[in-house]
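Peer 1: Need coordinates for the below:
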Amino acid sequence: MPRLCFINKMDKLGADFEFSFRTIKERLGANPIAVQYPIGSGNELEGIIDLLGMKAYYFDADEKGAVVTEKEIPDDLADTAATWHHMLVEMAVELDDNLMEKYLEDESSVSPDEIRQAIRKGTIERRCNPTFCGAALRNIGVQRLIDGVIDYLPAPDQVPQVEGTDPRDIEKKLTRPHDDEAPMSGLVFKVVNDSHGDLTYLRIYSGTLKKGSRLLNPVNGKKENVSRIFEMHAQNRIPLEEATCGSIVAVIGVKDSYTGDTLCDADDPIVLERMTFPEPVISMSIEPHSADDKRRLSEALGVIRREDPSFRSHYDEETGQTIIAGMGELHLEIIKNKLTRDMKVGCDVGKPRVSYRETIQGAANNIRGKFVKQTGGRGQFGDCTINIEPYTAEQAEADGLKFTENIAFHNAIIGGAIPKEFIPSVEVGVRQTAIGGITAGYPLINVKVTLVDGSSHSVDSSQVAFEQAGRLALREAVAKAGSVLLEPIMKVVVISPEDYIGNVTGDLSSRRGMIVDTEDRGIIKAITAEVPLSQMFGYTTSLRGMSQGRASSTMEFLEYRAMPASMAKEVIEAAG
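Peer 2: This is a model prediction of the structure:
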């Protein structure tokens, strides 16, 4: 992405613009071009010098920077400003060959507008970063920074038309022009709970949204009413009658649209590219302090689920605990703080717990599950025979089978050995048992279950009996096929200066990590590794310590992979 740099907090004691400017180049490997220079620093910061127009701008402290006065550059900074201006011009003309020729012929013939256009070209091509300075808290330099956004960054209509698909034919691609007169389309990118109703944040890609509009959500087929539109400024809301293409607004009245959904004109529907949210990989238990807290906790978790699609929660019947699950240790820590601090829910949380999975090592055929119960009067009789085998989503797609919860169920009964009305019950029993886990209580995944035979009783057979028969058959089949525990593997990307690469790679290896790629990015290196999630608790703190705070990391779920037998045994024993 094209970007600017803003050296903030120039009003703090010890602020040093030139040091920070050099650091951008040396530590980040960027190509900064200073377009401003501060007038003073620390408590003596008064304003900034525009190095392109060679004017000084002073910001009235009593008016919180709202009043800006243009003056000539102070005499004591004239030489410094001239030096930085010359540096700015030389770096700008290098970004445009035609301008370079003109500059070499006659340096004075290059106008400020031509320099500005050259910097804009270089910024959009990601070859340079215009660098501003100021003190945001006192509004010093903020106005000029916003001018810089207009001068140097691409406008919304300078990017390609937004693409989507036809909800009636997902293979058909559609586009929408950046035009206020085009059919309205927008993407919901955030939902925030509010005392007056949920605030739904919308980015409008085409058309015009008017207050009172009725829009279609093509993802779920429901119509939504937009009763009010706001332009948001932190906690301040500015009511709008309409919002045009390119706007980011918050609307009230939307009930059934969540993050990633599209809202569009009902007469011209389009589904914009959806956000993908992987399954949670880490969980912890949460227990309310009182009955009142229990009620409030249930409501609060519902609110958070609407706001955050990557968050999950459920009630564990066996332990009587509420389990919350998310994408990482930090994610759950933020959720916990939100519950206790913002929503005032009294609760205790357990230690983070990795979400393992189970699968089978081989196939098992003709495994019988028979449930017979006789207690005077009508009894219970269910009998089924199944085959199981390892299976993947790709195979299910090729075979045309549904792969729900990573389990495929195939009915291969011939001749009516089991009446049709009982076959769904066998599937329910199989799926519920798979979700609850066989060996250690973790969900069973990547398995195909084929129902091949069975028998029934004209009086005693029932849906409950065949459900239990399915459960028994699956447990026996998994025992025969041999189960294995899978652990979540994370793709970890560490960005670090070269000085600390040895420490970083050694630490990743000690965490059972596998280094898959090391890439040079100027003066820094990017290390990509695959590491088990169970070894990544507290990694951010550890990484800061071994790199003097200069390395950073990102982590995302990659896949489930079989874990070593000795460690799997420890997990199974801990699960009880």
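
Peer 1: where along the chain do the helices fall?
Peer 2: Using DSSP state H, the helices found in the chain span residues 17-28, 78-93, 97-105, 112-124, 142-152, 291-307, 329-337, 393-399, 423-436, 463-481, 501-510, 539-546, 565-575.

Peer 1: so which of those helices comes closest to residue 532?
Peer 2: Across the helices of the chain, the minimum distance to residue 532, taken as C-beta to C-beta, is reached by helix 565-575, at 8.8 Å. Backbone N, C-alpha and C define where each C-beta goes, glycine included.

Peer 1: by contact count, what packs against the lengthiest strand in the chain?
Peer 2: Longest strand of the chain, by residue count under DSSP state E: strand 483-497. With contacts defined as 3 or more C-beta pairs under 8 Å, 6 or more residues apart in numbering; DSSP states H and E, the packing partners of strand 483-497 are strand 357-360, helix 501-510, strand 524-532, strand 552-562, helix 565-575.

Peer 1: Tell me which of the ones you listed sits most buried.
Peer 2: strand 357-360 (a mean of 22; mean count of other C-beta atoms under 10 Å).

Peer 1: distance between it and the chain's centre?
Peer 2: Taking C-alpha atoms, centre = their mean, to the nearest Å, the mean C-alpha location of strand 357-360 is offset from the chain mean by 27 Å.

Peer 1: Check stretch 247-256 too.
Peer 2: Centre-to-centre, stretch 247-256 and its host chain are 20 Å apart (C-alpha atoms, centre = their mean).

Peer 1: Same question for stretch 470-488.
Peer 2: Computed by C-alpha atoms, centre = their mean, the chain-centroid distance of stretch 470-488 equals 33 Å.

Peer 1: now stretch 342-355
Peer 2: 21 Å.

Peer 1: Check which residues of it are buried.
Peer 2: Residues 343, 345, 347, 349, 352, 353, 354, 355 are the ones in stretch 342-355 that count as buried (16 or more other C-beta atoms under 10 Å).

Peer 1: Pick out the most distant pair among the residues you listed.
Peer 2: Pairwise distances among these were taken by C-beta to C-beta; the largest, 26.4 Å, belongs to 343 and 354.

Peer 1: Need the pLDDT of residue 317.
Peer 2: pLDDT recorded at residue 317 is 69.

Peer 1: Near residue 34, how many other residues are there?
Peer 2: 22 (other C-beta atoms under 10 Å).

Peer 1: any idea how far residue 154 is from it?
Peer 2: 21 Å (C-beta to C-beta, to the nearest Å).

Peer 1: one step back: of the buried residues of stretch 342-355, which is the nearest to residue 252?
Peer 2: Comparing the buried residues of stretch 342-355 against residue 252 with C-beta to C-beta places residue 343 closest, at 20.7 Å.

Peer 1: just checking, residue 54 touches residue 85?
Peer 2: Yes. Contact criterion C-beta atoms under 8 Å: residue 54 and residue 85 qualify, at 6.1 Å.

Peer 1: And these two? Which one has more around it.
Peer 2: residue 85 (21 against 14).

Peer 1: rewinding a little: for residue 92, find the nearest of the helices and strands packed on strand 483-497.
Peer 2: Judged by C-beta to C-beta, the one of those that comes nearest to residue 92 is strand 524-532, at 25.8 Å.

Peer 1: packing partners for the closest one?
Peer 2: strand 483-497, helix 501-510, strand 514-521.
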